[in-house]
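Student: Need a 3D model of the following:
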Amino acid sequence: MNNREEILDAIKTIMVEMFEIDETGIIPEARLYEDLDFDSIDAVDMMVRLKEITGKAVKPEDFKSARTIGDVVEAVYKMLND
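Tutor: Below you'll find the model as predicted:
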């Protein structure tokens, strides 16, 4: 995962497989809690899966302010490029 598009694709895959969310709704502007019915337990599960994929430890504080799919993509991008 070298760019934001690849990260978005990985997040889509996770959300479809783990949470059965319709892929068409997983766009950068989609709000996690309001639009996708995501909750805090889902967020933890996603962080664990992202760690498995990236091999990097995901810090909860990096995702605390994430409100949209785009925010998650940006947090993962920063994590991979730090």
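Student: wait, isn't residue 36 in contact with residue 25?
Tutor: Yes - taking contacts as Cβ atoms under 8 Å, residue 36 lies within contact range of residue 25: 6.3 Å. Just so you know, the C-beta spots here come from the backbone N, C-alpha and C atoms, and that holds for glycine as well.
Student: Please say which of those two ends up with more neighbours.
Tutor: Taking neighbours as other Cβ atoms under 10 Å, residue 36 and residue 25 compare with residue 36 leading, 18 against 13.
Student: Quick one: classify the more buried one as helix, strand or coil.
Tutor: Secondary structure, DSSP: H, G, I helix; E, B strand; the rest coil: residue 36 is coil.
Student: got a pLDDT number for it?
Tutor: Looking at residue 36, its pLDDT stands at 95.
Student: just residue 50 next, same as before
Tutor: Turning to residue 50, the model gives it a pLDDT of 89.
Student: Just the buried positions in stretch 32-51, please.
Tutor: Buried positions in stretch 32-51, judged by neighbour count with 16 or more other Cβ atoms under 10 Å: 32, 36, 38, 42-43, 46-47, 49-50.
Student: List the residues that contact the closest residue to residue 62 other than its chain neighbours.
Tutor: Leaving aside its sequence neighbours, residue 62 sits nearest to residue 75 (Cβ to Cβ, 6 or more residues apart in numbering; 4.9 Å). Contacts for residue 75 (Cβ atoms under 8 Å, 6 or more residues apart in numbering) come out as 62-63, 66.
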